[in-house]
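Enquirer: Attaching a predicted model along with its sequence, questions to come.
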Amino acid sequence: MPTIAVGTARIPYRVVGDGPDTLVLVHGTGPGSGMWDAMLDAFTDRYTVLLPDLSGSEAAEDDGAPLTLETLAEQVNAVIDDAGRGQVDVLGFSLGAVVATAAAALRPDQVRRLIATAGWISAEQDEYLRLSMATWLSLADDPTAFGRYATLTAFSRGFLNRIGREAVEANTSYMRPTPGTLRHIALDLALDLGPLLPRVQAPTLVIGCTQDATVPVENTRRLHAALPTSAYTEFDTGHIAPAEEPAAFVKTVRDFLATA
């Protein structure tokens, strides 16, 4: 696994597949790029997939300082540089959607197409979003409650009932209050993507989730509205549309990336 130095951080990234085009998958709040593993096979026939593990993830190493949006965006761009594959397509989810958008703004020469799923501009624009993130952060001393809250807000009620109690309880162990994840949530609260949005040049698809209790869909619609040339679509799911509707999500991503 390649590992690169970016400032004070050591950022590993995986390279999966050997397709002619390159797709970068940017993870959200939490453990890291493993969130994408279940759908990698849906892309590797066409793409060489780059999966960076950014500061705050389990695999990255850094000095533990508070994270900034620019720091994580620069890490994504450094991975693209290091891979040496020219222009790439970038797909980000949640915090990763915000980071991917910032990366495209900072280095428009690197990003051919951008997809931002369940992203937002600033928690200051939505008291629900601000309070939800602050509440999650306040549960850091209770790992069980922390994981349950993450699961409750990440998925729709219908999906949780569909998968059943055993799977629901298993999901609660995915999000743990590690120092890195807490730094991600602090960034979720503090970031402001607004100043970078005018610099985005890549054709962009913004994806919202109508039952999203983590990032209410109005925030994602606001992100779309702030990118006048972006396209927009919604899934009738909770926050993690890639898990609730994987086949439809992959088709939407591939159809957009295939447009001329």
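Expert: Alright, I've got the coordinates. Residues are numbered from 1 along each chain as shown.
Enquirer: Which SSE is immediately downstream of whatever helix or strand Thr181 lives in?
Expert: Per DSSP states H and E: Thr181 is located in helix 179-190. As assigned by DSSP H and E, the chain's next helix or strand after helix 179-190 is strand 204-209.
Enquirer: how distant is the helix holding Thr181 from the center of its chain?
Expert: 13 Å (CA atoms, centre = their mean, to the nearest Å).
Enquirer: burial count for the residue lying closest to Ala213 once chain neighbours are set aside?
Expert: Closest residue to Ala213 apart from its sequence neighbours, by CB to CB, 6 or more residues apart in numbering: Thr153 at 4.3 Å. Bear in mind the C-beta positions are built from the backbone N, C-alpha and C, glycine included. Thr153 has 17 neighbouring residues, counting by other CB atoms under 10 Å.
Enquirer: Output the contacting helices and strands for the particular helix or strand that has Thr153 in it.
Expert: Using DSSP H and E, Thr153 maps to helix 143-154. With contacts taken as 3 or more CB pairs under 8 Å, 6 or more residues apart in numbering; DSSP states H and E, helix 143-154 sits against helix 127-138, helix 165-171.
Enquirer: Which one of those lies nearest to His239?
Expert: helix 127-138 (10.7 Å; CB to CB).
Enquirer: Tell me which residues are up against stretch 160-173.
Expert: For stretch 160-173, contacts defined as CB atoms under 8 Å, 6 or more residues apart in numbering pick out 144, 147-148, 150-151, 154-155.
Enquirer: who touches Pro108 in this structure?
Expert: 199-202.
Enquirer: One more pass at 6 Å, please.
Expert: Gln201 (CB atoms under 6 Å, 6 or more residues apart in numbering).
Enquirer: I'd like the contacts of stretch 160-173 laid out as JSON lines, including pLDDT, distance to Val76 and neighbour count.
Expert: Converted to JSON lines, the contacts of stretch 160-173 look like this (pLDDT from 0 to 100; distance: CB to CB, whole Å; neighbours: other CB atoms under 10 Å):
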{"residue": "Thr144", "pLDDT": "97", "distance to Val76": "33", "neighbour count": "11"}
{"residue": "Gly147", "pLDDT": "98", "distance to Val76": "27", "neighbour count": "19"}
{"residue": "Arg148", "pLDDT": "98", "distance to Val76": "31", "neighbour count": "18"}
{"residue": "Ala150", "pLDDT": "98", "distance to Val76": "23", "neighbour count": "24"}
{"residue": "Thr151", "pLDDT": "98", "distance to Val76": "27", "neighbour count": "20"}
{"residue": "Ala154", "pLDDT": "98", "distance to Val76": "23", "neighbour count": "24"}
{"residue": "Phe155", "pLDDT": "98", "distance to Val76": "26", "neighbour count": "25"}
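Enquirer: from those, which single one is nearest Ser55?
Expert: Ala150 (19.7 Å).
Enquirer: Check the spacing between that closest one and Glu74 real quick.
Expert: 27 Å (CB to CB, to the nearest Å).
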